[in-house]
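J.: All I have is the shape, not the residue letters:
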């Protein structure tokens, strides 16, 4: 019986270990709409994983960056600027970036990750 309970305790410890690893590495998701100005918290990076658009006859920019840094595919852009997203564009907002979504964007979903800086 002792050998069996030792094996059980070892399995519980392994399960606990993997649960801690999973939750510490997991990514939080956040949904943003076009009703406010957003600031990426210090120590975080927001990575766009989905975008929902409104129908438009005359489309404006998708995202208006007031200040900060954004990675578009492999290129970093900093300062105050606006841009529209092409399909499959990879977008990451650096820590402390301030931005708003344009009226043509219904919502975007971002993954919230630690910046590691």
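T.: Nice, thanks for sending it over. Since the model is a prediction, treat every value here as computed from it, not as a measurement.
J.: so after the host helix or strand of residue 100, what's the next helix or strand?
T.: Using DSSP states H and E, residue 100 falls within strand 98-101. As assigned by DSSP H and E, the chain's next helix or strand after strand 98-101 is strand 105-114.
J.: now that following strand: mean pLDDT?
T.: The pLDDT scores in strand 105-114 average 94.
J.: do stretch 85-95 as well
T.: Rounded mean pLDDT across stretch 85-95 is 92.
J.: buried sites along it?
T.: Judged by neighbour count (16 or more other C-beta atoms under 10 Å), stretch 85-95 contains these buried residues: 85, 91-95. (C-beta placed from N, C-alpha, C; glycine too.)
J.: how about the residues you listed in a markdown table, adding secondary structure?
T.: Formatted as a markdown table, the buried residues of stretch 85-95 follow (DSSP: H, G, I helix; E, B strand; the rest coil):
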| residue | secondary structure |
| --- | --- |
| 85 | coil |
| 91 | strand |
| 92 | strand |
| 93 | strand |
| 94 | coil |
| 95 | coil |
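J.: Low-confidence stretches in the chain?
T.: Applying pLDDT under 70 to the chain picks out residues 1-27, 116-117.
J.: residue boundaries of the strands in it?
T.: 28-33, 37-39, 44-53, 63-67, 69-72, 75-78, 81-83, 91-93, 98-101, 105-114 (DSSP state E).
J.: for the buried residues of stretch 85-95, which one is nearest residue 105?
T.: residue 85 (8.5 Å; C-beta to C-beta).
J.: ok, now how distant is the closest residue in space to that closest one that isn't next to it in sequence from residue 100?
T.: Nearest residue to residue 85, sequence neighbours excluded (C-beta to C-beta, 6 or more residues apart in numbering): residue 62, at 4.9 Å. Look at residue 62 and residue 100: by C-beta to C-beta, to the nearest Å, they are 10 Å apart.
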